[in-house]
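>>> Please work out how this folds:
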Amino acid sequence: MRYDLNDKVVLITGASGGIGAATARALYDRGAYLVLADHNADAVERLAGEFDAERVLAAPLDVTDAPATRALVARAVTRFTRVDVVIANAGIAWRDGPATLSSCDEAEFERIVDVDLFGVWRTVRAALPEVTRNRGQILITSSIYALLNGMANAPYAASKAAVATLGRTLRTELAGTGASAGVIYPGWTATPIAEIAFGGNALATRLNATALPRLLRARVAPETVAEAIVAGLQRRAPRIVVPARWRAVFALRGVLDPLLDRWLDGHTQIHGLLRQVAGEKPRADEPRGAPAANDAPAQGGERLNEHSS
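The predicted structure follows:
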């Protein structure tokens, strides 16, 4: 049956920009009450200012802080009497540019996993009793990175694959309770977290241009993803893959995964680029990679904010 979002209380983490903010606006337009959480207090307050104060609660939240996450759920229940839907959307990636497993900063690797995987777990754990009580939904933001080789972006890709499995597990465990869970797999979206591969960093942009066909590199607007989220929540979808061009990759991932890895194993151009990412000089027989044509001009890496994927 169609899940009516009108008058539902929806908690969104990573709400201040990108997919999170676009989803907040789309849900508000459907009559939902909003609990907006983000590590950036100023940004989430600005977003909240767009809405009727009676229908929104904004709060700073570090999803690595389990007690704070539980406290926010309790605060939302005090304010609105209930929480029906939780969108576990907060996530981060490399701050300044791509890195390999051999070259990355260990503390940053662990921080990304803490936010992108354990932050989702803490959000789910804190909200689960309330969502189950209200026969609501939990939606977890994964990524098309869960379908791809995570080269040069391992902690993000590994976390997104892990939370996808977490969402599938949760849906099965909730079966028969009246509550449900789903996973959204957004493709490249025009948000700050994706800029690194579209001109924000020269090597990341070249890797992206070399490894993926043009069709799969095209970005979509956060609003497109938000509308897919709304539609998915309304039908309690187990999975949402957006844009549609990624659905074939999702459906065939069991076949494509080994083929993609084998192709990458023999791709000397990508090998050379990865060695540059690691700070090594490529071998003489390894091309340095095609220029990042048709993408934004390569700039120095920029700090990536907590997102909305």
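
>>> Adjacent strands (with direction) for the helix or strand where A58 lies?
For A58, the element it lies in under DSSP states H and E is strand 56-60. Using DSSP bridges, the strands paired with strand 56-60 in its sheet are strand 33-38 (parallel).

>>> helix/strand/coil for T64?
Secondary structure assignment for T64 (DSSP: H, G, I helix; E, B strand; the rest coil): coil.

>>> give me every residue that touches it.
T64 makes contact with 114-115, 118-119, 122 under the criterion CB atoms under 8 Å, 6 or more residues apart in numbering. (Glycine included, C-beta is placed from N, CA and C.)

>>> Tell me the one of those nearest A204?
V115 (19.6 Å; CB to CB).

>>> Please list all residues in contact with that closest one.
With CB under 8 Å, 6+ apart, V115 has these contacts: 63-64, 90-92, 306.

>>> Serialize those to JSON lines and add fields for pLDDT and distance to G187.
Putting these into JSON lines (pLDDT from 0 to 100; distance: CB to CB, whole Å) gives the following:
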{"residue": "V63", "pLDDT": "98", "distance to G187": "23"}
{"residue": "T64", "pLDDT": "97", "distance to G187": "27"}
{"residue": "A90", "pLDDT": "97", "distance to G187": "19"}
{"residue": "G91", "pLDDT": "96", "distance to G187": "15"}
{"residue": "I92", "pLDDT": "95", "distance to G187": "19"}
{"residue": "E306", "pLDDT": "46", "distance to G187": "20"}
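
>>> Is it possible to mark the buried ones in these?
63, 90-92, 306 (16 or more other CB atoms under 10 Å).

>>> so which of the residues you listed would you say is closest to P129?
Nearest to P129 out of the buried ones among the contacts of V115 is V63 (CB to CB; 17.8 Å).

>>> quick one: contacts for the closest residue to the closest one other than its chain neighbours?
Sequence neighbours aside, G119 is the residue nearest to V63 in space, at 3.3 Å (criterion: CB to CB, 6 or more residues apart in numbering). By CB under 8 Å, 6+ apart, the residues touching G119 are 13, 63-64, 88, 90-91.

>>> Try it again at 10 Å.
Residues in contact with G119 (CB atoms under 10 Å, 6 or more residues apart in numbering) are 13-14, 39, 61-66, 69, 88-92, 112-113, 159, 163, 306.

>>> Would you map the strands across the stretch 201-309 of the chain?
239-242 (DSSP state E, counting those that start in this stretch).

>>> Which parts of it are helices?
Remark: helices assigned in the stretch 201-309 of the chain by DSSP state H, counting those that start in this stretch are 202-211, 214-217, 222-234, 247-251, 253-265, 268-277.

>>> can you check the stretch 51-200 of the chain too?
Going by DSSP H, counting those that start in this stretch, the stretch 51-200 of the chain shows helices at 66-80, 106-113, 119-133, 154-174.

>>> Tell me how far the residue nearest to A93 when sequence neighbours are not counted lies from Q269.
In space, A93 comes closest to Y156 once its chain neighbours are excluded; the distance is 4.5 Å by CB to CB, 6+ apart. Look at Y156 and Q269: by CB to CB, to the nearest Å, they are 23 Å apart.

>>> likewise L259?
Between L259 and Q269 the computed distance is 18 Å (CB to CB).

>>> which one of those two has more residues nearby?
The neighbour count for L259 versus Q269, taken as other CB atoms under 10 Å, is higher for Q269 (17 against 10).

>>> Would you confirm that G167 contacts L117?
No - assessed by CB atoms under 10 Å, G167 is found out of contact with L117, at 11.8 Å.

>>> Mind checking which of these two has more residues around it?
G167 (24 against 20).

>>> Can you give me every residue that contacts the more buried one?
88, 120, 124, 138-142, 181-184, 238-239.

>>> Show me which of these is closest to T81.
I138 (18.9 Å).

>>> separation between the closest one and L166?
Taking CB to CB, one finds I138 at 10 Å from L166.

>>> quick one: common contacting residues for those two?
By CB under 10 Å, 6+ apart, the residues touching both I138 and L166 are 88, 120, 124, 181, 183.

>>> need the contact list for the fourth one.
It refers to A181. Counting by CB under 10 Å, 6+ apart, A181 touches 86, 88, 124, 128, 131, 136-140, 166-175, 236, 238.

>>> what bridges to it?
Beta-bridge pairing for A181 (DSSP bridges): I138.

>>> And the pLDDT at it?
Model confidence at A181, given as pLDDT, is 98.

>>> And it, how close does it get to G200?
If you go by CB to CB, the gap between A181 and G200 works out to 33 Å.

>>> swap in the third one?
Counting by CB to CB, the gap between V124 and G200 amounts to 31 Å.

>>> same check, this time on the first one
Taken as CB to CB, the spacing of A88 relative to G200 amounts to 25 Å.
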